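>>> Sequence and predicted structure are below.
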Amino acid sequence: MKITVAGGGNIGTQFAAHCAHKGHKVTIFTSKPSQFGRRVSVVDRQGKTIVEGEVFATDDLENAVKDTDLLFVATPAFMADEIAARVVNDIKRGAGICLVPGTGGMECAFIKALDRQCVIFGLQRVPSVARIVEYGRSVCATGYRDLLHVASIPASHAEECANIIQSIFDISCRPIENYLGVTLTPSNPILHPSRLHTIFEDYRQGKVYERVPLFYEEWEDKSSELLFAMDEEVQNICKALPEFDLGCVRSLKVHYESDTPEKLTQKIRSIAGFKGIYAPMVKAESGYIPDFGSRFFTADFPYGLNILRQVARFADVETPYMNDTYEWYKDFSGNTKSFSYENYGISDKKIFSDFYLQ
């Protein structure tokens, strides 16, 4: 296939390398094409190459997608509208558009692509943790999953899309019934906000911190308690939408095999792929302050947690923990840009259901 990957970061580079390794013709759209080599690779923690392949990098997105069979969108969710506006009129009819990861509301940004008989599909979770080793050349990937889940719009293409992902990564891939099963995945949209809320709950303008804590390795029970509370709210949303098959939206108690906050804390602290990641902070004059430009803030609250809150309103479910955490974020971040279903014409429960059930 001819494959275009939008995004030259951690996940985009990983996907490009796997696709190229399988012999596909791969183009990477990036704002820094000159920093890409002709070959990109995925390595393990010891630096041993897992896969590698030849790619072409460009900053001309419109030309990159004109004849592409498959577009992977691996950019932050807040860029989805811009990416979609630039490709929906040029992308080949019937092409696949895969959103990685599939959360963040990006499925709505690409609604107009459905008029070109394109198939939108997304992964519940990424294949592994991936971190850039050398920009434009290699990423380190750890903890590849044994099983991936894929959903599509229209839903009838889910098995076909799952087979594509399976063929690229050689990981078992299972189709799920509808895309809402991806949208409601209790991953980063509640994982990161729960930790950030507890790290920075006492933050105010002018406050500085003496050190930057490790995000996962110093995870606290208080973060686990909030995470479990929001995870339960996600499960309540699923129960309130019986017209959807949402059995694939597993509780984090099951996903992390931890039935208490204390067990969850130990589990998160021990995950190899989470090692060495620091809380999003920047140097200030006499210490450190939150980095409000980090994707932990710019993506996981307005394009993660806020989407779950909106689905809850469609389902008529109360979400006090999500609401409190989101209002806290708004109060101290000053960010006013966020996802809204209404921007895509999805203004009531019926339109919402019709969109995700197609």
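All right, it came through fine.
>>> can you pull out the strands in this protein?
Remark: strands assigned in the chain by DSSP state E are 2-6, 25-29, 39-43, 49-58, 70-73, 96-99, 119-123, 129-134, 138-142, 147-153, 172-175, 281-284, 287-290.
>>> isn't G102 right next to I120, touching?
No. G102 lies out of contact with I120 (C-beta atoms under 8 Å); the separation is 9.1 Å. Every C-beta, even on glycine, is put in place using the N, C-alpha and C of the backbone.
>>> Grab the nearest non-local neighbour of H255.
P186 (7.8 Å; C-beta to C-beta, 6 or more residues apart in numbering).
>>> confidence score at the one you found?
With respect to pLDDT, P186 scores 92.
>>> if we can go back for a sec, mind listing the shared neighbours of G102 and I120?
Common contacts of G102 and I120 (C-beta atoms under 8 Å, 6 or more residues apart in numbering): Y179.
>>> if I pick V249, what's in contact with it?
Counting by C-beta under 8 Å, 6+ apart, V249 touches G181, L184, T185, P186, V234, Q235, C238.
>>> And I83, by the same measure?
I83 neighbours (C-beta under 8 Å, 6+ apart): A6, L61, V73, T75, A109.
>>> ok, now L264?
By C-beta under 8 Å, 6+ apart, the residues touching L264 are S224, L227, F228, L252, K253, Y256, S258.
>>> From those, pick the one nearest T265.
Taking C-beta to C-beta as the measure, T265 lies nearest S224 of these, at 4.8 Å.
>>> per-residue confidence at the residue lying closest to that closest one once chain neighbours are set aside?
What sits nearest to S224 in space, not counting adjacent residues and going by C-beta to C-beta, 6+ apart, is P261, at 3.7 Å. Note on P261: pLDDT of 97.
>>> And the one 10 residues further on, by the same measure?
On pLDDT, I271 comes in at 92.
>>> so what's it up against?
G143, Y216.
>>> What are the phi and psi values at it?
phi -70, psi 120 (degrees, to the nearest 10).
>>> what about it, distance to M1?
33 Å (C-beta to C-beta, to the nearest Å).
>>> and if you look at I351?
Counting by C-beta to C-beta - I351 and M1 are separated by 34 Å.
>>> Select from the contacts of L264 every entry located in helices.
Judged by DSSP state H, the contacts of L264 include S224, L227, F228, L252, K253 as members of helices.
>>> any idea which of these is closest to R211?
In terms of C-beta to C-beta, no member of these lies closer to R211 than S224, at 21.5 Å.
>>> where does that closest one land on pLDDT?
98.
>>> domain parsing for this structure?
Here the domain parsing of the chain from automatic domain parsing is 2-179, 188-357.
>>> mind checking the end-to-end distance for the longest one?
Yep, that's domain 2-179 we're talking about. Criterion C-alpha to C-alpha, to the nearest Å; first-to-last residue distance in domain 2-179 is 25 Å.
>>> pLDDT averaged over it - what is it?
The model assigns domain 2-179 a mean pLDDT of 96.
>>> Measure how far that domain is from the centre of its chain, please.
12 Å (C-alpha atoms, centre = their mean, to the nearest Å).
>>> Kindly indicate which of the contacts of L264 lies nearest E52.
Of these, the one sitting nearest to E52 (C-beta to C-beta) turns out to be Y256, at 32.0 Å.
>>> Phi first, then psi, for that closest one.
phi -100, psi 10.
>>> related to what we said a few turns ago, looking at the contacts of I83, which two lie furthest apart in space?
Longest span within the contacts of I83, C-beta to C-beta: L61 and A109, 14.1 Å.
>>> Those two: who's more crowded?
A109 (25 against 19; other C-beta atoms under 10 Å).
>>> what's that one in contact with, if anything?
Contacts of A109 by C-beta under 8 Å, 6+ apart are A80, D81, I83, A84, Y344.
>>> With distance to T49 added, can I get these in a markdown table?
Converted to a markdown table, the contacts of A109 look like this (distance: C-beta to C-beta, whole Å):
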| residue | distance to T49 |
| --- | --- |
| A80 | 32 |
| D81 | 36 |
| I83 | 30 |
| A84 | 34 |
| Y344 | 42 |
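>>> Which positions within stretch 74-89 qualify as buried?
By neighbour count on 16 or more other C-beta atoms under 10 Å, the buried set for stretch 74-89 is A74, T75, A77, F78, M79, A80, D81, I83, A84, R86, V87, V88.
>>> ok, the closest residue to K112 other than its chain neighbours to V73 distance?
Of all residues not flanking K112 in the chain, V88 sits nearest, at 4.6 Å (C-beta to C-beta, 6+ apart). Distance, V88 to V73, using C-beta to C-beta: 12 Å.
>>> can you list residues touching both of the two?
The contact sets of V88 and V73 overlap at F110 (C-beta under 8 Å, 6+ apart).
>>> Now do I268 against Q124, distance only.
From I268 to Q124 the distance is 19 Å (C-beta to C-beta).
>>> swap in Y179?
Taking C-beta to C-beta, one finds Y179 at 10 Å from Q124.
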